[in-house]
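Peer 1: attaching a predicted model along with its sequence, questions to come.
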Amino acid sequence: MSRIGKLPITIPSGVDVKIDDGNVVTVKGPLGELKRKLSADMNIAMKDGAVTVGRPNDLKRFKALHGLTRTLLNNMVLGVTQGFTKTLEINGVGYRAAKSGNKLTLTLGYSHPVEMIDPDGVTSSVEGTNKVKVTGIDKEKVGQYAANIRAKRPTIVFNANTNPKGIKYSDEKVRSKVGKTGKK
């Protein structure tokens, strides 16, 4: 049995979970509403203020979906109660970020500034000139937008110890790689 999949999801007060036909789950909370269609093979049920996920049998496919379905439901509940945040750091001479309305402008050493518009349900904010915070209630959207920002100029791993340049997550450890050596 899946260790994660068999854990019940307790529903905090102020959160409303609705399970429709075809495993369409709607979660409403203080921060907003999330709706997602989950696999129709999983058995999702509400019992005593908790959501449980079951699987029909022990096929490999169902074992994989069991833990995934439970985690997706749990992330929906956490999103509408607490929300999710990703913090990115911008390092490098002249590298900076600015925010105006829903447009994030990054100066990353290119010949032009990189402009990104916040997607629906996700907001970004700039702290100082080198920290960008991405927040929202959908963990998937927050993580994808943060990854899109990071992809504009990832941290260079060949000079990570001396002069790291690029965008990295605040909790990411950048390990230095050895550069090329000449032949003799």
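Peer 2: Ah, there it is.

Peer 1: low-scoring pLDDT stretches of this structure, where are they?
Peer 2: Along the chain, segments meeting pLDDT under 70 span 1-2, 159-162, 182-184.

Peer 1: contacting residues around the residue nearest the centre of it?
Peer 2: Geometric centre of the chain, nearest residue: residue 143, 2.6 Å, by C-alpha atoms, centre = their mean. By C-beta atoms under 8 Å, 6 or more residues apart in numbering, the contact set of residue 143 is 84, 86. In this view, the C-beta of every residue, glycine as well, is placed from N, C-alpha and C.

Peer 1: for it, which three-state class applies?
Peer 2: helix (DSSP: H, G, I helix; E, B strand; the rest coil).

Peer 1: residues contacting the helix or strand that contains residue 79, please?
Peer 2: Assigning secondary structure by DSSP states H and E places residue 79 in helix 60-81. Contacts to helix 60-81, defined as C-beta under 8 Å, 6+ apart, come from residues 2-7, 9, 11-12, 14-15, 17, 25, 27-34, 36, 38-39, 41-42, 44, 51, 53-56, 84, 136-140.

Peer 1: where do the strands sit along the protein?
Peer 2: 9-10, 16-20, 24-29, 32-37, 43-47, 50-54, 84-91, 96-100, 103-107, 114-117, 122-127, 131-136, 166-169 (DSSP state E).

Peer 1: need these in TSV (columns: distance to residue 179 and mean neighbour count).
Peer 2: Formatted as TSV, the strands of the chain follow (distance: least, C-beta to C-beta, whole Å; neighbours: other C-beta atoms under 10 Å):
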stretch	distance to residue 179	mean neighbour count
strand 9-10	48	16
strand 16-20	53	14
strand 24-29	49	18
strand 32-37	45	14
strand 43-47	52	13
strand 50-54	49	19
strand 84-91	19	19
strand 96-100	27	15
strand 103-107	26	17
strand 114-117	27	13
strand 122-127	33	17
strand 131-136	29	20
strand 166-169	16	19
